[in-house]
Each structure stands twice: as C-alpha cells, then as structure tokens.
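Student: Below is the structure, and that's it, no one-letter string:
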C-alpha cells in the first residue's frame, strides 16, 4: 500500500500578520501533483488541518476546496485525524457523508478503534485527545484513575485495544498527532508550536507503537523530529516561523508491504519563501545587499538588525525595501542576558544624563552622539520644569 | 411529490438561560415520525438550522445527529438552505459530500440557480442573502447599482434567472428564508426574532413568487404569518418565547401535483411546554393554583406577577415551586406608561421619606407597610451619616 503522508497544514495561520493561505494553497497543489504522479492509494493528514478551533470562514473555504479537489475531483482516499489545534466537533461535522467517497476524518476516541479496512491494511485514526477524554470514554472507576493520569498510560490502553482488533493478514498503520520520543530524536530540539499543556502531555515513547508497521505522526513541524524511520513526522508543508526558515518542507511517500516499509522524502519548494536576514542596518539598506533577494512580495522576510539602527523608523524603511516583512528584531549584545552580569551603575552621585549615557553604552556598545545627547538634555530639562510645576 | 416542510430549528437556542435542546430533539423525533408515516419524498428545512453563526459544539453535535438520522438512517432526502441566523460558510462545509445521499444544503447564491431535479419537480434552494451579495455575484456596474438596492429588486432578478431554467414538464418549488408579505398576512403582527436590518430588508411580496407552484418559507416563526396558501411559513417546531406560548407548532405536509397543491398541517405537541402565568403573588404561591400545572421540570414557566410581591425574593420562591422559570416580570399598573401622565411629586418641602412613600404608592398603588417604612428610615439615617463623614 502506497500512501502520501503529510500533517500540520494549519490552514488559516498567519505569519507576522500576513496570511499564509496562498503559500499553503501552492504547497497543496505540489503535494497533489506528487500524489497523482506517484499513484498513491491514499493521503494521510496527521492532524492540525486548521490553525484554530474556530477556523475563520476563509480558512473553512480554503480547506474545503483542498479536500474537494483531492477527494472528489482526483478520487484520492484521505485518512485524517484532528490535532490539538483543530476543533474536533466542528471539523468532524458531516464526516459520515465524507466517508462515502473514502474521505475518512476521525475526530473522536470512539472512532479510533474501528480501523479503515483496505485489502492490504488496517488504518487506525487516532485524533489528539487529552487523558481526561480517555478516562471518560473508558469509564474508569475512581480507584483506578491513578493508572490513567498521563497520556503515556492512556496510550498503552488505547494501543492494546487497537491490537486486539488486528487482522494478522494485513499491515497495520496508525495515524495520530502527539509528541513522541525515541532514539531518532533523543537530542532533538522540538519546535512545534504547542500550547502550554504540552509539558503535561509529554511521555509517549516510540516503543509504545511497536505493534504498527507504520505510524504517521503530526504535531512537530519538522521531519527531523521523527523518533524512528517507521514512526515519523512528515512536518508541515509550509514554513511557519523563523526557526523553520532554514529547514526543508515536504511530504513522505510511504510504501508498505508485508516485507518492509520504504519511505521516500519529497521536498516541496516554497513558492514564497521565508528568508531570515541578520546584518547591520547600513548593510540591510544597501542596494548591493538587498538586490540579491527577490522582493516585491516574492518572499517573506524576517530581519534581525545587528547593533543600532540610526534612523527614526527602521521598520518602515525595511518594509519599503523588502515588502512582506514578518518581523524586525534587534540584535544588541547586551539584550542577550545569558552569562551576563547586570552592571551596577546606579549611584547617588551620578547625574541623570550620565545614567542614561551609561545605560545606552551598556546596551548598544556605542556612545551617544552629540545630537542624541542634546535630545536627552532637553527632555530632562522639560521633565524637571514639569515636576516643579 | 409529497414533502414535509419545516423551518427555523434554531438549534442551540436558549430560553431564559435554559437549553431548548431536549425539546428540540423531541420535536425532531415527532417530525421524523410524521415524515415516515406520511411516506414523504423529502424534507424541506427553510433556514435557520442553527441559532448562531458560530454554533456551540453541543449544537453542532445535535444538528449532525438529526441530519444523520433523517438522511442516513431513514434515507429521507433533505432540501435545506441557510437562514439569517446561520453562518453560511460553516454550515455549508462539506455539502458536496452530503449531496451524495440527497442531503441538499445550499448556502450560496451561486448554488441557487441549479435546481435539484426530481422526476416530477425542480427544487430551487435560495439561502438568506443580503442585497450586497447579489450585487457582487451579478457584478453590477456602478451606473446600474440603483436597480439593485433593495432585497425586493434583487429578488426580481433572482427569480427571473430561476424561471429561465424552468422545465415546463415539472413542478417548481422554491425553498427560501425571507420576510414576505401578501394578502394572507397583511394585518399580521410579525414575531420573528430578526436582527435590526430586517427593516431594510422588508419589501418582498408574495406576487414576486407567482411563478412557483409552492414556496416553502422560513424566517417568521408562526405559520399564521404565511402570505398565501402556497407561499407559506411552516414556523418553528418549538416555542421560542412568551409571544409564541399560546400558538400551535407543527409542520406542513405538502402534496404537489400538476393539478394542485394540497397542504396539511400536522401539529407537534410540546413535550415540555412553555406556560405563561399571570396572577397576584399570593395566588402564584397558593398550592390550589400551582398544583394544576405539571412542574418539576415538566414545563417551562414564564411568570408575570400582578401587583407587588410582599417577599424578599419572589423569583427564588417561584423557582422553588415551579422549577424551570424562564422569566419573572412584574405587572404593575404604573409601569405601563401608555396614556399616562408622570405625576409631579417633586417639591422642595417634601422630605425624602415622603418622596419615597409617594413614589411607591404611584408605582404599586399600595401604601408602604410599617416594616417597609422602618427600613427606609434606617437607610436614610445611614446615608446621611455617611455624607457627613
């Protein structure tokens, strides 16, 4: 059985106030082309189809158009679950009708135990759920609650109940949306934009899924976060933040036979890329520097200004030059507080002018210019006059 | 062709803080029984399936269960449109998949011109839209905008474009959701809970729909508001407010042949009724009075207290007796200001005590009791002490 594995579409997401919809639609089209060219038997979407529990009407329209094109126009079966960003009930509305054309979208724990049966495989669709949902579903009595506290404990029971329904003649595939650790990602710095509860939900390990031939994960946005070669994150098809700017996005084509699982990575090149720049302001505004980048809405730019920008509105100047600037940050040595002692410059005999000059020096590693000194002196005079009424 | 005509389900609606869901589900079951017993060819739901544009997850779950039972379990075709309370995009999500089992749910103007074709009829599904939606859809040039200002003007164009697609061999049915006036409801006091824009949307008249054999309307909640016998409101299946308490709810069974249209009204008796009481407080708390009503959550009660309730918490007392009290109002003669002159009792030489006593007399038509006079006197003393510090 040959499947395309993708996840974390986050339709409706914005980046620095810019809609990512056109980029998401471009990535979708490339993904669809890969699925058609590879003649896959279906497409796995492992959660976080939407970016928010209550998706905007624009996001609803966009996702519906994609699902329709993939499933109704191109007749590709879809195997999908809801992730922690999705609103399970709203996303799941009407799923019984979608199943008639093999668009399987499960958003409930109850629906996870009845696999989609294909001639070769059983595909289990387990949405992101909180441990409390499992406690309610299993009607755990009070004296046994201690054994169902963590998601790791809950997952053991869920997998056990899935294994009980295994047809030994078939391959077993799990589609789910969690933070899963294993040998392959032991040293990995995770970058999923999960909510604050992720800490409490940590704990699922790859060995808990050893019964499955392939586990298609969503949640973490980079394939490098995959715990093993058969328990994988496909990552998001689009770059969602600066940390993901240097990474490669794409999809997996997974070929599952009774002998082996072969996975092949297909990169998806961004149509409108996210470019991270870090340079002194004078460099950033130098035509020789910026003309090497396609601008005029061809790319998104995340910009770090090294040192001080000697201008009244650096951001506006950069937007004029670069177009879609998703963020502007300052790279001032003193603002990175690691291993740094806050200097003690406060003393009774230091004048206000000197105090400000010293602070500026500390933060920027530069001295105040004469013009800056004049502004500060004038401001202090005005403040003293106001104080004295 | 035999159809059940209902409308204005308003799933998710609350009445005085009480969910109406159980009553809505009870009405749904009775409606379904009627449809099955009458062997209808389909069910029309003429808009406002939900009460709000962003329905609660409970409401989504409930409506999905109803649609599933009607369409997937009992294989009844459904012909539905979105109303002004529905969020068209969200309600319409997935409609292409629902159509595979003849659940037709149209939420766009574009979808209104391609009728559902049955062997005998063409069924046009026109959702509630604002005139501006039609102006965009038709791409009206600026110099012609004046002819597309009102919903009446817009409707003429829409109907004309529908008529152009008429198959003369078939019956023509329109399902829509508007305020339509005609001979039958000329003197009618409309009670739909429409938003403030209803004024600007008035103007559609029954004769605009004369090309259709039957027009199944939603929007107004009482069938008595129907403009003609073939351009009808089915009304809501459940009582939504005190004004609707004395009215009969139900559905129409509509039998449309090439010769004639026969409509039959099927009442739906509330499982948990809305009972309006109006009596002096002493009567309301008298067992001989209240024992004539099934209480203990068997009914909703809307209560008007005639005159003054001599108790510290009338509402709590009534809730103890009646259970689900959706509202408590006071029927004080002086609070109905029609044809009444506000008396001039303010004068410099009147003491605060006398001023309050006179006001109480005016409003309640009763004198203060000695105990009430003591409370007022004590309060005034405290206030004066506070003022003097």
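Tutor: On my side now, so go ahead. The structure displayed is predicted, hence computed values, not measured ones. Residues are numbered from 1 along each chain as shown, chains lettered A, B, ... in the order given.
Student: what's the closest non-adjacent residue to residue A:176?
Tutor: Spatial nearest neighbour of residue A:176, excluding adjacent residues (CB to CB, 6 or more residues apart in numbering or on different chains): residue A:126 at 4.1 Å. Glycine gets a C-beta too; all of them are placed from N, C-alpha and C.
Student: and that neighbour, what is it in contact with?
Tutor: A:81, A:106, A:109, A:112, A:158, A:162, A:174-177 (CB atoms under 8 Å, 6 or more residues apart in numbering or on different chains).
Student: quick one, strands of the stretch 1-150 of chain A?
Tutor: In the stretch 1-150 of chain A, the strands defined using DSSP state E, counting those that start in this stretch lie at A:2-6, A:14-15, A:18-19, A:42-46, A:78-81, A:103-106, A:116-117, A:121-125.
Student: hmm, back to that, tell me the two of the contacts of residue A:126 that are most distant?
Tutor: A:162 and A:177 (15.5 Å; CB to CB).
Student: In TSV: the strands of the stretch 1-150 of chain A, plus distance to residue B:313, mean neighbour count and mean pLDDT.
Tutor: TSV is the format used below for the strands of the stretch 1-150 of chain A (distance: least, CB to CB, whole Å; neighbours: other CB atoms under 10 Å in any protein chain shown; pLDDT from 0 to 100):
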stretch	distance to residue B:313	mean neighbour count	mean pLDDT
strand A:2-6	60	25	98
strand A:14-15	50	16	93
strand A:18-19	53	16	94
strand A:42-46	56	27	98
strand A:78-81	51	27	98
strand A:103-106	50	23	98
strand A:116-117	58	14	98
strand A:121-125	53	24	97
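Student: Switch these over to TSV; also include distance to residue A:221.
Tutor: Shown next, in TSV, are these (distance: least, CB to CB, whole Å):
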stretch	distance to residue A:221
strand A:2-6	12
strand A:14-15	13
strand A:18-19	18
strand A:42-46	12
strand A:78-81	16
strand A:103-106	21
strand A:116-117	26
strand A:121-125	21
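Student: closest one to chain B among these?
Tutor: Chain B lies closest, by CB to the nearest CB, to one member of the strands of the stretch 1-150 of chain A: strand A:103-106, at 7.0 Å.
Student: domains of chain A?
Tutor: A:2-267, A:273-331, A:342-389 (automatic domain parsing).
Student: mean confidence score for the shortest one?
Tutor: So that's domain A:342-389. The average pLDDT for domain A:342-389 rounds to 81.
Student: Point out where chain A drops to low pLDDT.
Tutor: A:186-202, A:333-348, A:389 (pLDDT under 70).
Student: Up against chain B, what does it have?
Tutor: Residues of chain A lying close to chain B by CB under 8 Å from any CB of the partner chain are A:54, A:57, A:60-61, A:64, A:68, A:72, A:87, A:89-90, A:93-94, A:96-98, A:100-101, A:103.
Student: now for the strands of the stretch 1-150 of chain A, which one comes closest to residue B:324?
Tutor: strand A:103-106 (37.0 Å).
Student: so who does residue A:305 touch?
Tutor: Residue A:305 neighbours (CB under 8 Å, 6+ apart): A:279-281, A:284, A:314, A:328-331.
Student: what's the distance between it and residue A:277?
Tutor: Per CB to CB, to the nearest Å, residue A:305 is found 9 Å from residue A:277.
Student: Now for those two: what residues contact both?
Tutor: With CB under 8 Å, 6+ apart as the test, residue A:305 and residue A:277 both reach residue A:284.
Student: show me where chain A has helices.
Tutor: All helices of chain A, identified by DSSP state H, fall at A:21-37, A:57-67, A:88-92, A:95-98, A:131-137, A:151-163, A:198-201, A:281-284, A:287-290, A:314-322, A:352-364, A:370-387.
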